[in-house]
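A.B. asks: no sequence on hand, only this structure:
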């Protein structure tokens, strides 16, 4: 099972901002081609795989994780060589300043800074600059020099280390949703009791776009989004706003901002976890959303469920998750396949 | 060692105010070839390149070796660390930054917690440092075993070259100055000044300049050049208060500094064809030059600054050409001042 952790590090090492997923897709395809029965890339760039299992299930099952990650897109190159940019996906401007980035296919190094703290007025220190006020500095001192290295439309990601913290916690970039991808790949590595479809989707962070066509193509009876979700178990948070906590096990959703989930499947997952002695927690708060909104409503619709990893500081340069949650997630999904197949 | 490697390596060493040991040890190996090295009671590193004769002229080159960081003040029951600034880190860069905690039993990685979207008040308000917490992944009891109040915290450094001969990372303030002095010694190889010459890599500049003040008192130089960093212009900063990255060392002009020396440094740069720019300040300089100038009976002090973007963050950025030109100007100044007997 430590393979999942190693693979997470591999997958997080590859940039794949929404709409620019070809490199991460290439790596995932390289890994799953030998593991699945058949696999194809759809017109939007989703990677859709089918793995023959021991039996044909009563319900056609689709497990989905998104390949894309939040990041930036270069919108304009100034005469000074500085790059203007916009956020791709939801990024709090407060986590952007002072961070390093990598721009474009060549992963050109850049930094997002501002004038020195010494020159800031008190009011400026108290407020994070808006993204449109910021720029990426790649060291180029003219527009021409910058354009030799980058182009408008290039994506950028935070330049973040993959770190091991204390207590089996991991820190790094893009755990949302490379962690889900790593879990699905680990399922594909196993002999499955029932036929299953797997989708590695694009453009989740910009409107759950890829999942629409992937779910249309597969036309599942049951769709399972395998995701990460915000854990707010940090110092000083009121109990009722914690939502979910690291080391509490996979998180089961009954409702979020995008989806009201299938109640039967939600309860089924709780009982399967109980029978198998796998810790799980419910997502205690109606916040956020994921590909389920698209999976649920594609074509004639499917019964939707979401299982997420609790993850701190999501959509920031440094996400934190706990290895045990990741391993329990893989285990729970393994047990859910036969239950969902006949549900 | 080429300038890029030296700067990247030196900037990766840790040296928060009061705990500069790692950076000092690394610098000591680089300085050993130029003269006898010793530590002061406050941890500053002194290299005697040429001993001064008692009462004779004595030039001191200073750069500070410490860097901005944080200090652990409290460990919460749930294992999160509370911190305070140890030097003036820009608080706006902290949320979601990876950090390293330097404990007595070794290093530990952590992350400055950022407020989840559903809990944030909006409007982009930043959080004061004393309300932030650091996540090291440990529960209360484990955290209390691994971390102690007083342990220092640094921003994780991604020191790396950018395009255009620029280098970005933590602690370029003032390892760039340290490297400029090391380069000057390299450029001076074989030259023996007629006066005394000492190098001081001083501690605790970011918390008040205690290292340089005391070392300057002990060394009793007759002339000193402090080598620090200063603001390089970015579009959001007032142009008149900044130098330009790549335009060479900034020669300080200020009431606390020696007018003769400032002028001379400018003349030397011109005659040696070394690019430079003026940095004019109305009183003190907020560098070690201020305390060195008033050490003991007083010292004729000058200031050279390497232009730097994004000060007091993990992405401090300098130009290698500026670092090398600062080294060249220091070397040329030593040749001139050494010949004239300071």
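C.D. replies: Thanks, I have it. From a predicted model like this one, the values you see are computed outputs, not experimental measurements. Numbering: from 1, shown residues only, chains lettered A, B, ... in the order given.
A.B. asks: quick one, helices of the stretch 201-343 of chain A?
C.D. replies: Secondary structure of the stretch 201-343 of chain A by DSSP state H, counting those that start in this stretch: the helices cover A:209-218, A:263-275, A:292-297, A:323-342.
A.B. asks: hmm, stretch B:52-70 in reach of chain A?
C.D. replies: No: Stretch B:52-70 lies out of reach of chain A by CB under 8 Å from any CB of the partner chain, never closer than 9.4 Å. Using the backbone N, CA and C atoms, a C-beta is placed for each residue, glycine as well.
A.B. asks: mean confidence score for that stretch?
C.D. replies: Averaged across stretch B:52-70, the pLDDT comes to 95.
A.B. asks: also stretch A:24-35?
C.D. replies: Taken as a whole, stretch A:24-35 has an average pLDDT of 98.
A.B. asks: check stretch A:140-159 too.
C.D. replies: Averaging pLDDT along stretch A:140-159 gives 97.
A.B. asks: got any ranges where the chain has weak pLDDT?
C.D. replies: Defaulting to chain A. A:1-2 (pLDDT under 70).
A.B. asks: if you could check chain B rather than the one you did, that'd help
C.D. replies: Scanning chain B with the threshold set as pLDDT under 70 gives B:121-123, B:340-342.
A.B. asks: repeat that with 80
C.D. replies: Scanning chain B for pLDDT under 80 picks out B:117-124, B:339-342.
A.B. asks: what segments of it are helices?
C.D. replies: B:3-12, B:21-31, B:140-146, B:172-187, B:210-219, B:259-271, B:288-293, B:320-339 (DSSP state H).
A.B. asks: what sits closest to the residue of the stretch 151-300 of chain B found nearest chain A if chain neighbours are left out?
C.D. replies: Of all residues in the stretch 151-300 of chain B, residue B:162 sits closest to chain A, at 3.1 Å by CB to the nearest CB. Distances taken as CB to CB, 6 or more residues apart in numbering or on different chains put residue A:139 closest to residue B:162, at 3.1 Å, once the chain neighbours are dropped.
A.B. asks: measure residue A:228 to chain B for me?
C.D. replies: 13 Å (CB to the nearest CB, to the nearest Å).
A.B. asks: any idea what that residue is bridged to?
C.D. replies: residue A:309 (DSSP bridges).
A.B. asks: circling back: surely the residue of the stretch 151-300 of chain B closest to chain A is in contact with residue A:113?
C.D. replies: No: with contact defined as CB atoms under 8 Å, residue B:162 does not count as touching residue A:113 (11.5 Å).
A.B. asks: higher neighbour count, those two?
C.D. replies: Each of residue B:162 and residue A:113 has its neighbours counted (other CB atoms under 10 Å in any protein chain shown); residue A:113 has more, 27 against 21.
A.B. asks: so the more buried one sits against residue A:136, correct?
C.D. replies: No: look at residue A:113 against residue A:136 with CB under 8 Å: they stay out of range, at 9.3 Å.
A.B. asks: residues contacting the residue nearest to residue B:162?
C.D. replies: Counting by CB atoms under 8 Å, 6 or more residues apart in numbering or on different chains, residue A:139 makes contact with A:81, A:109, A:110, B:161, B:162, B:163, B:164, B:165, B:166, B:168, B:317.
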